[in-house]
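*Asks:* Sequence unavailable; structure follows:
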DNA sequence: TCGGGTTTCGG
DNA sequence: CGAAACCCG
């Protein structure tokens, strides 16, 4: 069935040989050329950060050696244009088919669609698979076939789907290598000289690569999982799964994680092990959040740049690079926050709880633009993951229907005693506070002078006073919020009067990313960088310095209100006609090959859908229908896009969009929150 | 020890 | 907002 030609298996963030549907299908279909293409420029602003690239480098090496032991090797290509690199590989190998696993971040959705179009036009058969999720985003809908807008409902549905996620596949026993004699690998460079020193430490704590991921999973399931719910509240507990970087690069399949954990759950349930069951549920919830982040990214592909609840575009952010810098350096004067930021910088890792603490502090106390924080996480986290990053920050910023309330300020002092009751975490990361008694460890500003003296602390000198008092922050936040609501109401009124030209213009002034973000080297803790010097700014915050990118903050928020009244607004549409083609992907269930097609919300993905209910047809008036394998599904045709007006999001801002957005074609999405009007 | 009012917290 | 935890008489 291979038709003589060989099969390209295009690896991306699925760097494993086990439970890799694209690889399995490629192998089944004949000889295989395994390819990885490094084209980070395509990610634009989200060029991977230093530690993330470090991981990738090692993960690829690991994959390559696994492939070698199976009979082939990994071809690597350096390019600025993935699609042409693929074409080149096609030409030099005589491939006739290409297999890959789906991704859901905005950049990949666009790029993969384009790749599919172009390759198909060249006569190449393109097959893509789900390898990253329990269920594809379009499979999980509410009773009216609309996407969920809250996590709890989404996850509940996932757990009660009528069919289980596909079972994990075993690795291939053997791979017949395609002819790569005319297809040379490029050497990929993932770190420059200046980064090597900082990266050296990482290897002590982490082992990238799919079989290490597998070990980590086993270790976790047999050990810390049982105590997971107990320990998840401790800032420095070593009992998290530590799977997130593995999962990000697809070194371990989430379906395998799910299956193994489920087995454990059944076991514990039978034993009446209450704590165990609870732990499993909690852990699965974090898997669920990961799923949900893809779900949201797919349904709202701009969620990494625009708040999903529209009012936030009127929030008067404090654009203060000094605050931003203090936060990054861990010099805010709040020990828990500072400890977290220093751990992040030193290790590329942060406990989930602490991520919430520092990001909440960032948004609520400092009131810095949330996208700065998101970007910083992206640049510094070992498990940097755009979808999760966006979801997390939107959650914190109060722009999700089920997110944290925007007017709630968390007090780092109290959280300190909650997550780090004995101050051990703070002492580890803030050596200057190490001698401070626990009583004061989370609020040194209240400590008597004598205590401070005995501990060798001089506030404002070797440890800062609080950068902003909590009370002041509360007041400022209240003020900002009332201003926001005012602006929002005004804009709405203007809209209703039809006098809305230029609406939101003043409020949605672009907020540029700081131009010269750099860490103050001498304040960096635990960096162990022998070559520390000023020319290494970009090692510290790799992608921010690469070029000056202006990014609009909140420029085109989605006003959910507009669509709230119409239930059909549930089905988002892609209005971004002139920017990039709609995405399309083919999901080929390996066996059942339900090649039915359904309209995928924004992206017009052509996908397999098991239960195409005809309510999905309402997805757009441009649906046509086609029958396949018994499934009736709508097919959305991009050329005939005529949308109901009410689906189209207000477009102010996009047109005048920053260079970033222009460089990075995004579709923009239509909202479908049901609950949004509650906020008005 | 048991209400029941209050605070916390949640994705 | 609603459930759960918490606190107090």
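*Replies:* Noted; the coordinates are in hand. It should be emphasised that the depicted structure is a prediction, and the values quoted were computed from it without experimental measurement.
*Asks:* how far does stretch A:13-30 stretch from start to finish?
*Replies:* Terminal residues of stretch A:13-30 lie 23 Å apart, using C-alpha to C-alpha, to the nearest Å.
*Asks:* Report the distance from it to the chain centre.
*Replies:* Put simply, stretch A:13-30 sits 23 Å off its chain's centre (C-alpha atoms, centre = their mean, to the nearest Å).
*Asks:* Not counting residues beside it along the chain, what's closest to the residue of the stretch 1-150 of chain A found nearest DNA strand B?
*Replies:* Nearest to DNA strand B in the stretch 1-150 of chain A, going by C-beta to the nearest atom of the strand, is residue A:150, at a distance of 6.0 Å. C-betas here are computed from N, CA, C, even on glycine. Leaving aside its sequence neighbours, residue A:150 sits nearest to residue A:402 (C-beta to C-beta, 6 or more residues apart in numbering; 4.2 Å).
*Asks:* and the gap between that neighbour and residue A:477?
*Replies:* For residue A:402, the distance to residue A:477 equals 21 Å [C-beta to C-beta, to the nearest Å].
*Asks:* Tell me the helices and strands packed up against the helix or strand harbouring residue A:287.
*Replies:* Element membership for residue A:287, per DSSP states H and E: helix A:274-299. Helices and strands touching helix A:274-299, by 3 or more C-beta pairs under 8 Å, 6 or more residues apart in numbering; DSSP states H and E, are helix A:151-159, helix A:228-231, helix A:254-270, helix A:386-397.
*Asks:* Check which helices and strands the longest one sits against.
*Replies:* Here helix A:254-270 touches helix A:210-222, helix A:274-299, going by 3+ C-beta pairs under 8 Å, 6+ apart.
*Asks:* Next: the second one.
*Replies:* For helix A:228-231, the contact count by 3+ C-beta pairs under 8 Å, 6+ apart identifies helix A:274-299 as packing neighbours.
*Asks:* In the helix it packs on, which of the residues would be classed as buried?
*Replies:* A:276-277, A:279-280, A:283-284, A:286-299 (16 or more other C-beta atoms under 10 Å).
*Asks:* before we move on, back to that, ramachandran angles for the residue of the stretch 1-150 of chain A closest to DNA strand B?
*Replies:* Note on residue A:150: its backbone torsions stand at phi -130, psi 150 [degrees, to the nearest 10].
*Asks:* Find the nearest non-adjacent residue to the closest residue to DNA strand B within the stretch 351-500 of chain A, please.
*Replies:* Nearest residue of the stretch 351-500 of chain A to DNA strand B: residue A:395, at 3.4 Å (C-beta to the nearest atom of the strand). In space, and not counting its chain neighbours, residue A:395 is closest to residue A:403: 4.3 Å by C-beta to C-beta, 6+ apart.
*Asks:* measure stretch A:263-282 end to end?
*Replies:* Stretch A:263-282 end-to-end distance (C-alpha to C-alpha) = 15 Å.
*Asks:* Please see if that stretch touches DNA strand B.
*Replies:* No - residues of stretch A:263-282 contacting DNA strand B under C-beta under 7 Å from any atom of the strand: none, with a closest distance of 8.8 Å.
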